[in-house]
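Q: Need a 3D model of the sequence below.
(chains A and B)
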Amino acid sequence: GENVEQHPSTLSVQEGDSAVIKCTYSDSASNYFPWYKQELGKRPQLIIDIRSNVGEKKDQRIAVTLNKTAKHFSLHITETQPEDSAVYFCAASRSSGGYNKLIFGAGTRLAVHP
Amino acid sequence: GAGVSQSPRYKVAKRGQDVALRCDPISGHVSLFWYQQALGQGPEFLTYFQNEAQLDKSGLPSDRFFAERPEGSVSTLKIQRTQQEDSAVYLCATGQGSGANVLTFGAGSRLTVL
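A: Sure, this is the predicted structure:
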């Protein structure tokens, strides 16, 4: 089955700097890659996603890149702000049996210091 | 409803007790997933429903775990004879359509087994 690895587990940056989180996946048939943000004690919330037919997607200060050959994808946050502090999870899924099952990485705890 | 609602938000059980966790999905959402999130980890897949049909229960850790969605709406995750290792946050996520990729998560039910 699918296995998703995420690095780093913790990341500390100064406000205004960029942050990059990387994930690798094992199942070459995976075709959907979302990123979720989870603040302490709250639900995971989708912040951006990318499908396998696209190499890059951007939404304001966040962007995701996908390298299908290498089976890795990354989240890029520019001009970080204290409110970006949270745990970020990557995930991968493929269509099988008529549904898509998300497999998550272990998470990256991002701390943005003023 | 406007979002995915889970109850109870917090549950403390003595080892050996049975617990039931409820998920109220967004109205009309066909897909419903249960995930288990241990402290400091990413969500791990437990089971998937498409309407009332349980299509995948490969992630349920033992036969003490049982889930149902009898009318294709509200779902209940039941854990019998709880053990300390069952302590975790149990997340419910739902999506439109049978092949839904974009999932909306509930806030979770935090189970503590003493």
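
Q: In this model A:I50 seems to touch A:K68, though I could be wrong.
A: No - the criterion here is CB atoms under 8 Å, and A:K68 misses it with A:I50 at 10.5 Å. (Glycine included, C-beta is placed from N, CA and C.)

Q: Just the pLDDT at the residue most central in space within chain B, thanks.
A: Nearest to the mean C-alpha position of chain B, by CA atoms, centre = their mean, lies B:W34 at 3.5 Å. B:W34 carries a pLDDT score of 98 in this model.

Q: one step back: out of A:K68 and A:I50, which sits in the more crowded spot?
A: A:I50 (20 against 15; other CB atoms under 10 Å in any protein chain shown).

Q: wait, isn't that one in contact with A:K57?
A: Yes - counting by CB under 8 Å, A:I50 does reach A:K57; the two are 4.8 Å apart.

Q: got the buried residues for stretch B:39-54?
A: Residues B:42-50, B:54 are the ones in stretch B:39-54 that count as buried (16 or more other CB atoms under 10 Å in any protein chain shown).

Q: tell me which element the residue nearest to the centre of chain B falls in.
A: Using DSSP states H and E, B:W34 sits in strand B:31-37.

Q: Show me the strands paired with the helix or strand just after that strand, marking each as parallel or antiparallel.
A: Next helix or strand after strand B:31-37 toward the C-terminus (DSSP H and E): strand B:44-50. Using DSSP bridges, the strands paired with strand B:44-50 in its sheet are strand B:31-37 (antiparallel), strand B:53-56 (antiparallel).

Q: Of all the ones you listed, which one comes closest to B:S109?
A: strand B:31-37 (10.2 Å; CB to CB).

Q: Can I get the strands paired with strand B:44-50 in JSON lines including distance to A:A111?
A: Shown next, in JSON lines, are the strands paired with strand B:44-50 (distance: least, CB to CB, whole Å):
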{"stretch": "strand B:31-37", "distance to A:A111": "20"}
{"stretch": "strand B:53-56", "distance to A:A111": "36"}
